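> let me see the structure of the following:
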Amino acid sequence: MRICRTFSCAFTVWMGIIAGQAIQAASAQRGWGPSDIVGAPMDSQVADTKEKPEVSAAMDLIWAFKIPMRDGVRLNGTVFKPSGQKEPLPVIFTLTPYIADTYQERASYFAKHGYVFVLVDARGRGSSEGEFDPFAQEPHDGYDIVEFLARQPWSNGKVTMWGGSYAGYDQWATLKELPPHLATIVPVASAHAGVDFPFYKGIWSTYVMQWLTLTSDRTPNQNLFGESSFWLEKNQEWYLARQPFTALDQVVGNTSTVFQKWMHHGTNDSYWQAMNPTPEQYSKMKVPILTITGDYDGDQPGALSYYREHMKFGDPETKSKHYLIIGPWDHPGTRTPKKDVAGLTFGEASLMDMNDLHRQWYDWTLKSGPKPEFLKKRVAYYVVGPGAENWKYADELDSIASNRRKLYLSSRGGSANDAFQSGTMCDQPDHSDPDKFIYDPADLRPAELEKEDIPKYLTDERFALNLFGNGAVYHSAPFAESTEISGNVKLSVWMAMDVPDTDFSVTLYEILPDGASVQLTGDAMRARYRESPVQSKLVTPGQIVRYDFEGFTWFSRRVSKGSRLRLVLNCINSSSSEKNYNSGGDVESESGKDARVAHVIVYHDAEHPSALEIPVVDLH
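Model (predicted):
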């Protein structure tokens, strides 16, 4: 979530690019779409690998391999082994709710490169016994799988995991239980339950029902999941009827899922926290880790939250063996990179053979082979944009930026309400009159912009140019020279409103010298959670409050000479997102009858210096 009907995360985009405007991107681009589930083809992987290991032409199979859990439930595994295996080998496994067959190509690849690979259906999915309870069941099941596989005659006792998105979450969920025979993990595009999926900062995406339908019952529902016209229509039906978010499963026609249970856990409460590592568990992790995510990965917030928490709480020696790669990829691209993403085209260097990178990592950590040559330092990141398109390296993620530049919001006449009559962002505070905008939950015009998927959502401007009076826009001056921006931007903005709660979205764009737009990053916030992600504190109407948007997705781009930055701030009003009707009640249960119009005032004066902070890298 990049978000777009893409949420995994990020308004999963949010991530992708989380903003309310990004929320509308096409679901195929979002992350967790069919291209994420189906074993990705390997024909687009073109990375140069100098020393290729000998590859077997054949493999052996163990079908219906039953793996007992501590409660007596048996999970189903499909075992792929090198043909004629003569000695025990390290074992890789994927624990997936998407049915083992969807990862057959990955399993075949590693079996032919000297590993045993086991595809395991998650509890209650495919041929596994039990009932599927998303996320909640995985920590203990993952532990039991590791220890069972370590005892098999074809295993040498060293077990690792493969996978991204949900399977990336599974790796962290398993590692937190500290199974003795888990030797390393490579979590890719990892969803972080309660952080970036199934909601972001307390704000739900309608995508949640699309994903729950995909994983309903035991069989795959990939065709229905990929029927974008159906999901667009159902989102619009729910939105136009002004129904509460809790009614979404009825509108879709699938009330057999955990959706209603999740509705009682709309913040990162103890329900979700039980699924993720604690500070104490991070401190006890002793295995090397390779984290992979992308600038446009809908689960980037989840992947980087795991990384940062491990950097904060982890053992110093183990942290020195935690490597991070951030590429110019969307969610599926973290497994199989492509040059073209949502309207942008990247350089050849962005195409990596991810299977081979994993193979090199496993060889290093499990077979005493050489460290992958690509991992020159602990952080590798790709810079996009004209004059860039190259990989760079750093010892620490937060050391990449040379300085942080503040751009202060300003406007003349308090009317920065669209891209053609916008406010400005200046290097010095400019004490100007406040701007005002109105969010009316009864305004359904945004639905007209959301009747189709938007494949090129990173370069599409329809949402930035059609705010319907709901938002404020600010432009920077043209950049005097090419400038690399790498990291997380931050926005501190002073606002007042006449309602106790609403949902804000903020999106940052580069406007190129020729007028073209590139979406860079975004964030969102429910006003009641402005001080704490779990403790609700309603806003006092009329009170001027500082809102700190610190969840922007990480990106790296060389902004062109002559380009400007565009910042769009508005209230979320989308058929892709839960609607906040501004009453201050339970948002999941609010409906059109609870609607209150929000009049928002944005301040930028001497006492209220609203500013965007950007991380700049010195190119000289």
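
> so what's residue 569 up against?
471-474, 491, 493, 504-506, 602 (C-beta atoms under 8 Å, 6 or more residues apart in numbering). Where you see a C-beta, it was placed from the backbone N, CA and C, and this is true even at glycine.

> and it, which helix or strand is it part of?
Using DSSP states H and E, residue 569 sits in strand 564-571.

> list the buried residues in the next helix or strand after that strand.
Note on strand 564-571: by DSSP H and E, the next helix or strand toward the C-terminus is strand 598-604. Residues 598, 600-604 are the ones in strand 598-604 that count as buried (16 or more other C-beta atoms under 10 Å).

> now strand 598-604: average pLDDT?
Strand 598-604 shows a mean pLDDT of 97 in the predicted model.

> for that strand, which strands pair with it and how are they oriented?
Note on strand 598-604: by DSSP bridges, its sheet partners are strand 432-439 (antiparallel), strand 490-497 (antiparallel).

> where do the helices sit along the stretch 151-300 of the chain?
Taking DSSP state H, counting those that start in this stretch as the test, the helices found in the stretch 151-300 of the chain are 166-175, 207-214, 222-225, 228-240, 248-252, 259-262, 270-273, 279-284, 300-313.

> sorry, back to before: next one: the strand holding residue 569 to chain centre, how far?
Here strand 564-571 is found 21 Å from its chain centre; the criterion is C-alpha atoms, centre = their mean, to the nearest Å.

> could you do stretch 263-281 as well?
With C-alpha atoms, centre = their mean, you get 17 Å for stretch 263-281.

> list the contacts of it.
Applying C-beta under 8 Å, 6+ apart, the contact partners of stretch 263-281 are 135-136, 138-139, 172-173, 175-176, 178, 192-195, 199, 202, 204, 245-246, 285, 306, 309-310, 312-313, 529, 533-534, 587-588.

> the same query, at a cut-off of 6 Å, please.
135, 176, 193-194, 202, 246, 313, 533-534, 588 (C-beta atoms under 6 Å, 6 or more residues apart in numbering).

> what pLDDT is listed against the residue nearest the centre of the chain?
For the chain, residue 299 is the residue whose C-alpha lies nearest the centre (C-alpha atoms, centre = their mean; 1.6 Å). In this model, residue 299 is scored at 97, pLDDT.

> tell me where the model's unsure across the protein.
For the chain, the stretches flagged by pLDDT under 70 are 1-57.

> switch the cut-off to 50
By pLDDT under 50, the weakly predicted segments of the chain are 1-50.

> for the residue lying farthest from the centre of the chain, helix, strand, or coil?
Computed with C-alpha atoms, centre = their mean, the residue of the chain farthest from its C-alpha average is residue 86, at 41.5 Å. The three-state label given to residue 86 by DSSP: H, G, I helix; E, B strand; the rest coil is coil.

> ok, now the one 4 residues further on?
Taken by three-state DSSP, the conformation at residue 90 corresponds to strand.

> show the contacting residues for it.
Counting by C-beta under 6 Å, 6+ apart, residue 90 has contacts 115, 158, 366.

> returning to what we had before: so which of the strands paired with strand 598-604 comes closest to residue 76?
strand 490-497 (46.5 Å; C-beta to C-beta).

> okay, angle between the strand holding residue 569 and strand 490-497 too, please.
Put simply, strand 564-571 runs at 40 degrees to strand 490-497, going by axes from the mean of the first three to the mean of the last three C-alpha atoms, to 10 degrees.

> adjacent strands (with direction) for strand 564-571?
strand 472-476 (antiparallel), strand 503-511 (antiparallel).

> for residue 124, find the nearest of the ones you listed.
Closest among the strands paired with strand 564-571, using C-beta to C-beta: strand 503-511, at 33.3 Å.

> what does the closest one contact?
19-21, 203, 491, 517-526, 549, 559, 563-564, 566-570, 572, 580.

> redo the strands paired with strand 564-571 as JSON lines? Include distance to residue 554.
Below are the strands paired with strand 564-571 laid out as JSON lines (distance: least, C-beta to C-beta, whole Å):
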{"stretch": "strand 472-476", "distance to residue 554": "20"}
{"stretch": "strand 503-511", "distance to residue 554": "12"}
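
> for residue 96, find the nearest of these.
For the strands paired with strand 564-571, proximity to residue 96 was assessed by C-beta to C-beta; strand 503-511 is nearest, at 32.2 Å.

> and after the closest one, which helix or strand comes next?
As assigned by DSSP H and E, the chain's next helix or strand after strand 503-511 is strand 517-526.

> ramachandran angles for residue 106?
Backbone geometry at residue 106, expressed as degrees, to the nearest 10, gives phi -60, psi -50.

> can you report how many residues neighbour it?
Using other C-beta atoms under 10 Å, residue 106 has 23 neighbouring residues.

> please apply the same query to residue 419.
20.

> please apply the same query to the one 10 residues further on.
As a burial measure, the neighbour count of residue 429 was computed by other C-beta under 10 Å and equals 17.

> so who does it touch?
408, 609.

> how near is it to residue 608?
Counting by C-beta to C-beta, to the nearest Å, the separation of residue 429 from residue 608 is 10 Å.

> could you do residue 346 as well?
39 Å.

> same check on residue 222?
Counting by C-beta to C-beta, the gap from residue 222 to residue 608 is 50 Å.

> rewinding a little: is it possible to export the contacts of residue 569 to a markdown table including distance to residue 62?
Output for the contacts of residue 569, formatted as a markdown table (distance: C-beta to C-beta, whole Å):
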| residue | distance to residue 62 |
| --- | --- |
| 471 | 57 |
| 472 | 61 |
| 473 | 59 |
| 474 | 60 |
| 491 | 54 |
| 493 | 58 |
| 504 | 53 |
| 505 | 50 |
| 506 | 52 |
| 602 | 62 |
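
> tell me which of those residues is nearest to residue 153?
residue 505 (55.1 Å).

> if we can go back for a sec, reformat the strands paired with strand 598-604 as a markdown table; add distance to residue 545.
Converted to a markdown table, those look like this (distance: least, C-beta to C-beta, whole Å):
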| stretch | distance to residue 545 |
| --- | --- |
| strand 432-439 | 13 |
| strand 490-497 | 6 |
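
> phi, psi for residue 95 please.
When read as degrees, to the nearest 10, the backbone of residue 95 gives phi -110, psi 110.

> pretty sure it sits against residue 121.
No. If you go by C-beta atoms under 6 Å, residue 95 and residue 121 don't touch, sitting 8.3 Å apart.

> alright, calling it a day.
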